[in-house]
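**Student:** Sequence plus the predicted model coming up.
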Amino acid sequence: MRLARPLENLIDQLQKLPTIGPKTAQRLALYILKAPPEEARQLARAIVDAQEKIFPCSVCGYLTDVDPCLICVNPGRSRTSLCIVEEASDIIAIERTGYNGKYFVLNRSFKLMDDNDLGEMNLEPLLNILQAGEVKEVILALNPNIDGEVTSRFLASVVSQQQVKVTRLAHGLPVGGDIEFADEITLRRAMEGRKEL
Ligand SMILES: [Zn+2]
């Protein structure tokens, strides 16, 4: 039996989201149909709003609706340490460890197998931060897999040319895993036990 076109379309759209399979998409679509009209409208509006208003911070790359972002302008945060992560979602994980320095988000992950060039990464915003002279330590918090490893080595060589100490998260994070999904205790230990590169 074919579903009514608008329902089928809603299921198709939901199914494009990560981790959402056909069954979950169907369940969510039916939930939305039964929800009060205002709730469905709020959901639709929140999606459009977030896409229109959120952009990467021009200083650190974190997702924000003001530029520079709230982390960059927060006077209570240490300006001497800078933590480099792959994605904005990694910041949310690292914040839970109690880290109180600044960040730099690469906003792209390097894939060795895709044959792309590390040299193409736009490092100008990072160099601008380092050349301001306040950062004393750069903490590399890239995902513990081969691509994160290659990127870390590359960034370590770039950063050390600026006479800044480079450390990386201690081992103990599951290899091949994502920082974003690491549990809080493991991530805090990895942060505390960071090693100089
Ligand atoms: Zn920022």
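**Tutor:** Perfect, thanks for sending it.

**Student:** and the lengthiest helix in the chain, how far from the chain's centre?
**Tutor:** Assignment by DSSP state H gives helix 37-53 as the longest helix of the chain. Between the centre of helix 37-53 and the centre of its chain there are 22 Å (C-alpha atoms, centre = their mean, to the nearest Å).

**Student:** Report the mean confidence score over it.
**Tutor:** Across helix 37-53, the average pLDDT comes to 96.

**Student:** got a list of contacts for the helix or strand just after it?
**Tutor:** Remark: after helix 37-53, the chain's next helix or strand is strand 55-56, criterion DSSP states H and E. By C-beta atoms under 8 Å, 6 or more residues apart in numbering, the residues outside strand 55-56 that reach it are 62-65, 67, 88, 105, 107. To be clear about C-beta, it is placed using only N, CA and C from the backbone, and glycine gets the same treatment.

**Student:** So is strand 55-56 next to the ion?
**Tutor:** No. Applying C-beta under 5 Å from the ion, one finds strand 55-56 separated from the ion by no less than 8.4 Å.

**Student:** So which residues on the protein come close to the ion?
**Tutor:** The interface of the chain toward the ion, taken as C-beta under 5 Å from the ion, is made up of 57, 59-60, 62, 68-69, 72.

**Student:** One more pass at 6 Å, please.
**Tutor:** Counting by C-beta under 6 Å from the ion, the chain comes close to the ion at 57, 59-60, 62, 68-69, 71-72.
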